[in-house]
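Asker: Structure for the following, please:
(2 chains)
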Amino acid sequence: MTDLYQSQRAMRNMRRAAMQRGVVAILDIGSSKIACLVLRFDGPERRRESDGVGSMAGQSQFRIIGAATTRSRGVRFGEIHVMTETESAIRTAVQAAQKMANVRVDHVIACFSGAEPRSYGLAGDIELQDSVVTEQDVARVLAACDMPDIGQGREVLHAQPVNFALDHRSGLGDPRGQIGNRLACDMHLLSVEASVVQNLLYCIKRCDLELAGIASSAYVSGISSLVEDEQELGAACIDMGGGATGISIFIKKHMIYSDSVRMGGDHITLDIAKGLQVPMAVAERMKTKHGGVHATSMDDREMIEMGGDSGDWEKDRRRVSRTELIGIMRPRVEEILEEARARLDAAGFDHLPSQQIVLTGGASQIPGLDMLAARILGQRVRLGRPLRIQGLPQAVTGPAFSSSVGLCLFATSPQDEWWDFDIPTEKYPARSLKRAFKWFKDNW
Amino acid sequence: MRPLVAERRYAAPGTAPSTGQAYQAQPQQPSAPAQPQVRRDPAPTRMAYRMQRLWLTPLFRVLVRVGIPGFVIALVTLLWLGNDERRAAMLARVDEMREAVENRPEFRVNVLEITGASPSLDAAIRDMLALKLPVSSFDLDLEAARAKIATLDAVENVLVKVGGSGALEVTITERIPALILRRGEELDLLDGKGRRVARILSRADRPDLPLVAGEGASLAADEALMLVAAAGPILPRLRGLVRISERRWDLVLDRGQRILLPAQDPVRALERLLALDKAEDLMNRDVLTMDLRNQQRPTLRLAPAALREMRRSMGLVTVENDL
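Answerer: Numbers count the residues shown, from 1 in each chain, chains lettered A, B, ... in the order given. Now for the predicted structure:
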């Protein structure tokens, strides 16, 4: 526990150092692509006299000076599967981004979608020693949350306080300075497989980079693709990636639940490849060019050349109608969405005041997906794209890059996590130097 | 270790399914079927990656772009200069170029122009500088020349400069002699401040200047000049001034008369004497010395026979003996 606390704190410090130096890289390790963005911080935005709100809603304090995407290798279900392959893919992306930015990047903030995230809601309360809530009290109440049994070999990825309650007033964002007797807090804890994180750490270390932060891609794509009122009023973001589909539920600008379905766009491609007996590359091309989920009578007449290079004329001249293709794709898409629905139901999403669902990620670009999703997930479904940030190339503005963009926002203005608060003094190890000092101070 | 991925066994000449794929085999060359298949990997090698990162390091860039060329240039120069012969040749060449510039007619000095000096001083300065004209102005040491000229007694102030049109201009302010100092047989001219100006051979050379003598006379030259100025009526009779004991003056007149002046305020004492002379016609009497050293009691010393002569003229006969 303290180990994790220390390592997360170290990452936070590194992130701060990177922002001080002005350059940090964003690395989105997905199953279908690895994206690397290089961010430059220009310091706090200079206020313009014309309007009150800063440009880009205050996001203009950084700009993207390098962006590169490469096909992912050795990643399955959002987890590193072949270390050396992933490492060279990361190298490719980082090198290209560095070349574009013309600056050397040492610190990297990474996100990944796999590793079986599991959400826990924690609660804790303390009696205030003094009637005024101080930062130390916040740390104490966070420490008072009893740790659930997250299982062997799992590690905490996010631990965010989502709500504070003081006596009978709940829903406090920041209780510091307020007066009361009893402080309670709710914390959202996201645990992942430790081995996946370790693999990722190792991979990034092998690329001579230092990890300055780590995030779940479901969380960061929620940050970027949910608009402000959706985050405030409550919404779910479904990030349909290549190997995994991440689900995150936001309310009051905090993530309260996150999960992941281990299915994604790659499985649709695989279905096509299996069903039509074509190579994966051809299947991928057919999916992106002709794919869909709603067949119409027009689609019966639209014949798609499958091609092939087997040398067998009959096999290479095969054609398939778009309806058949849709017939292969639709069950898998339905399965993914139903699985997502099941996860949302398990999380109690239907009790939330707002039932907004936002679909994003590369696989959400399938034509007609919103209609299909509306049938499965409810009427309030929309397709989301990441918000624009400064210097973002046109090529990386699509929904496939919502987690990259969200990671940029995460890097610049991360939410308070448990490890951002100091350990309460009574939790220090017995032989702590500070304690010795305190003893001296008290006794002399 | 290669990943456990099935390789394509057949090259696809007709269709190129996609480019930029890691696992794609290169189309086999029909002429060299034995060539092993090389996988095209878009990823940079670890070395290339590291080199690129190194190159993007600002310090390293500066080192390579400035440090290495600078080092090479310095090294080559040092190696080239390491040879004595080459160094000597280079120095010789530098000297040659320098001389070529210095000897240009623009820098040549042809004439020595001396202004404000008497002919004898002019000749003395020309002798002293001993310039071999024409000379380059780079070879002239004006400071030294100025110091040298300033050592002459007759020169009060000197200005040396190289003017346009190749002339070395020496502007002299001469000392104006105001007194003649006699030391034994030597006669020196002094200026108003007592500085020696020149030597003269005889008193007759400058009959207009008063003569001073005695130890320390030159130190009190200004006082002597004031006395001379004050001694208006007796000036034709004034033979000279003698400094006594480096503290006071004697005025020596003709007929062996002397005026002994006090150390303090001699001019006032002289004026009182002159007033007395005007009233009593003192000087024309047979008086040897007029002792004014004591202000309260001026004293006269008569000539040895003067008293007897006076008594005789008054009809008094005195008996005197040799005792």
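Asker: in what helix or strand does the residue nearest to residue B:150 when sequence neighbours are not counted lie?
Answerer: Distances taken as CB to CB, 6 or more residues apart in numbering or on different chains put residue B:158 closest to residue B:150, at 5.4 Å, once the chain neighbours are dropped. In short, each C-beta sits where N, CA and C put it, glycine included. Using DSSP states H and E, residue B:158 maps to strand B:155-162.
Asker: same check, this time on residue A:283
Answerer: Using DSSP H and E, residue A:283 falls in helix A:280-290.
Asker: Now stretch B:200-210: buried residues?
Answerer: Using 16 or more other CB atoms under 10 Å in any protein chain shown as the test for burial, stretch B:200-210 gives B:200, B:209-210.
Asker: near chain B, which residues of the stretch 301-444 of chain A?
Answerer: Residues of the stretch 301-444 of chain A lying close to chain B (CB under 8 Å from any CB of the partner chain) are A:307-309, A:311.
Asker: would you list the residues you listed in a markdown table and tack on pLDDT and secondary structure?
Answerer: Formatted as a markdown table, those follow (pLDDT from 0 to 100; DSSP: H, G, I helix; E, B strand; the rest coil):
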| residue | pLDDT | secondary structure |
| --- | --- | --- |
| A:307 | 79 | coil |
| A:308 | 74 | coil |
| A:309 | 75 | coil |
| A:311 | 80 | coil |
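Asker: Give the rounded mean pLDDT of the lengthiest helix in chain B.
Answerer: For chain B, the longest helix by residue count, based on DSSP state H, is helix B:84-102. Computed over helix B:84-102, the mean pLDDT rounds to 91.
Asker: Just give me the residue closest to the centre of the chain.
Answerer: No chain was given, so I picked chain A. residue A:217 (1.9 Å; CA atoms, centre = their mean).
Asker: That was the other one, I meant chain B.
Answerer: Nearest to the mean C-alpha position of chain B, counting by CA atoms, centre = their mean, stands residue B:143 at 5.2 Å.
Asker: ok, now how distant is that residue from chain A?
Answerer: Distance, residue B:143 to chain A, using CB to the nearest CB, to the nearest Å: 59 Å.
Asker: So that residue: helix, strand or coil?
Answerer: Classification of residue B:143 using DSSP: H, G, I helix; E, B strand; the rest coil returns helix.
Asker: what domains does the record give for chain A?
Answerer: Listed domain ranges for chain A are A:119-193, A:265-329 (source: automatic domain parsing).
Asker: any idea which helix or strand comes after the longest helix of chain B?
Answerer: Counting by DSSP H and E, what follows helix B:84-102 is strand B:108-109.
Asker: by contact count, what packs against that next one?
Answerer: Applying 3 or more CB pairs under 8 Å, 6 or more residues apart in numbering or on different chains; DSSP states H and E, we find strand B:108-109 packed against strand B:135-136.
Asker: Now do the strand it packs on: which elements does it pack against?
Answerer: Against strand B:135-136 (3+ CB pairs under 8 Å, 6+ apart) you get strand B:108-109.
Asker: Pull up the pairing partners for the strand it packs on, direction included.
Answerer: Within its sheet, and counting by DSSP bridges, strand B:108-109 is paired with strand B:135-136 (antiparallel).
Asker: Identify the residues contacting the residue nearest to residue A:316 when sequence neighbours are not counted.
Answerer: Distances taken as CB to CB, 6+ apart put residue A:308 closest to residue A:316, at 4.3 Å, once the chain neighbours are dropped. With contacts defined as CB atoms under 8 Å, 6 or more residues apart in numbering or on different chains, residue A:308 is in contact with A:278-279, A:282, A:315-316, A:318, B:15.
Asker: The residue of the stretch 101-250 of chain B found nearest chain A: how many residues sit nearby?
Answerer: Distance from chain A to each residue of the stretch 101-250 of chain B (CB to the nearest CB) is smallest for residue B:101, at 49.1 Å. When neighbours are counted by other CB atoms under 10 Å in any protein chain shown, residue B:101 registers 12.
Asker: Looks like residue B:197 contacts residue B:181 (just checking).
Answerer: No - counting by CB atoms under 8 Å, no contact exists between residue B:197 and residue B:181, whose distance comes to 9.9 Å.
Asker: what is in contact with those two at once?
Answerer: Residues touching both residue B:197 and residue B:181 (CB under 8 Å, 6+ apart): B:188-190.
Asker: quick one on the thing from earlier: what helices or strands is the helix or strand following the helix holding residue A:283 leaning on?
Answerer: On the C-terminal side of helix A:280-290, the nearest following helix or strand under DSSP H and E is helix A:297-301. Under the contact criterion of 3+ CB pairs under 8 Å, 6+ apart, helix A:297-301 touches strand A:319-321, helix A:322-347.
Asker: from the chain's centre, how far out does helix A:297-301 sit?
Answerer: 39 Å (CA atoms, centre = their mean, to the nearest Å).
Asker: just stretch A:358-373 next, same as before
Answerer: Using CA atoms, centre = their mean, the offset of stretch A:358-373 from its chain centre is 18 Å.
Asker: In that stretch, which residues are buried?
Answerer: Quick answer for stretch A:358-373 (16+ other CB under 10 Å): A:358-366, A:368-370, A:372-373.
Asker: and which of those is nearest to residue B:265?
Answerer: Nearest to residue B:265 among these is residue A:360, at 117.2 Å by CB to CB.
Asker: could you measure that closest one against chain B, distance?
Answerer: 25 Å.
Asker: In contact with that residue, which residues are there?
Answerer: A:221, A:225, A:237-240, A:383-386, A:399, A:402.
Asker: Among these, which ones are in strands?
Answerer: A:237-240, A:383 (DSSP state E).
Asker: Please give the number of neighbouring residues around residue A:165.
Answerer: Per other CB under 10 Å, the neighbour tally for residue A:165 reads 19.
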